[in-house]
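Enquirer: with the sequence up front, the predicted model follows.
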Amino acid sequence: MRLIGEVLIDRLARACLCASVVLVPVAAQAAEDDPWESINRPIFRFNDTVDTYALKPIAQGYQAVTPQFLEDGVHNIFNNIGDVGNLANNVLQLKPQAAGVDTARLIFNTTFGVLGFFDVGTRMGLQRNDEDFGQTLGYWGVGSGPYVMLPLLGPSTVRDAISKYPDGYTSPYRYMNHVPTRNVAQAVKVVDTRVALLPAEKLIKGDKYTFIRNAYLQNREFKVKDGQVEDDF
């Protein structure tokens, strides 16, 4: 379940959220970045089947029976856990201001927010960052490499795929010795992230594989460059 949760859902959600700005020149460039398309497409179909018949129905059921305040609180807790990775990568990218915001969010949300159940940091004007080790490598000039569709993990690049291992060290699951607790936490995280993706599905147009690939690649470039990208339109 952890493998499904890491990228199949999370990366797909991020890709869909930036889909409205995918332009024709970017799509053409994305096609050049996908030399393994003949392999990626079958893997994508497999991932999509797993999502259609397993993850999506579970997410819809969870959303139907869970009160909104509880659903929001669970989502906030996972965001609070994710701020540890944001802090680590902002430090590695030598961004003291962003790292300070991450630190403040962790302190206030963990204490006053009851382990992150309430996002008091955002209400205080401390906007959440979104960083990972793939972005850190890109920040220091490491190229993304070809686009790759990972089994159960979803859209990625060679650089981002390699980065998943060091990212694991900022996740609490690696340090949980009680296996049932760890599995439950990971499963709930998968469902929570899939729930967040449900509204984004409406953004998908045309060929689903191409749409997600182009959106993912553009979104990653945007994040690595902190929004400082050239518009080729």
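Expert: Noted; the coordinates are in hand. Predicted model only: the values in this text are computed from it and were never measured. Residues are numbered from 1 along each chain as shown.

Enquirer: can you map out the strands along the chain?
Expert: Ranges of strands in the chain, per DSSP state E, are 147-150, 154-157.

Enquirer: what packs against the last one?
Expert: Put plainly, it is strand 154-157. Packing contacts for strand 154-157, counted by 3 or more C-beta pairs under 8 Å, 6 or more residues apart in numbering; DSSP states H and E, involve helix 10-17, strand 147-150, helix 208-224. Backbone N, C-alpha and C define where each C-beta goes, glycine included.

Enquirer: on that earlier part again, export the strands of the chain as JSON lines, with columns for mean pLDDT.
Expert: Listed next are the strands of the chain as JSON lines, based on pLDDT from 0 to 100:
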{"stretch": "strand 147-150", "mean pLDDT": "97"}
{"stretch": "strand 154-157", "mean pLDDT": "95"}
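
Enquirer: how many neighbours does residue 89 have?
Expert: When counting by other C-beta atoms under 10 Å, one arrives at 27 neighbours for residue 89.

Enquirer: OK, contacts around it?
Expert: Taking C-beta atoms under 8 Å, 6 or more residues apart in numbering, we find residue 89 in contact with 131-133, 135-136.

Enquirer: hang on, the earlier thing: which one of the helices and strands packed on strand 154-157 lies closest to residue 63?
Expert: For these, the distance to residue 63 is smallest for helix 10-17, at 14.5 Å, taking C-beta to C-beta.

Enquirer: what's the mean pLDDT across the closest one?
Expert: Summarised as a single mean, pLDDT over helix 10-17 is 49.

Enquirer: where are the low-confidence patches of the chain?
Expert: 1-31, 229-233 (pLDDT under 70).

Enquirer: how near is residue 211 to residue 176?
Expert: 36 Å (C-beta to C-beta, to the nearest Å).

Enquirer: which one of those two has more residues nearby?
Expert: Shown here are residue 211 and residue 176; by other C-beta under 10 Å, residue 211 has more neighbours (18 against 15).

Enquirer: thought the more buried one was touching residue 205?
Expert: Yes: here residue 211 lies in contact with residue 205, judged by C-beta atoms under 8 Å, at a distance of 6.2 Å.

Enquirer: buried residues in stretch 80-88?
Expert: Neighbour counts over stretch 80-88 (16 or more other C-beta atoms under 10 Å) mark 80-83, 85-88 as buried.

Enquirer: burial measure for residue 64, as a count.
Expert: With other C-beta under 10 Å as criterion, residue 64 counts 7.
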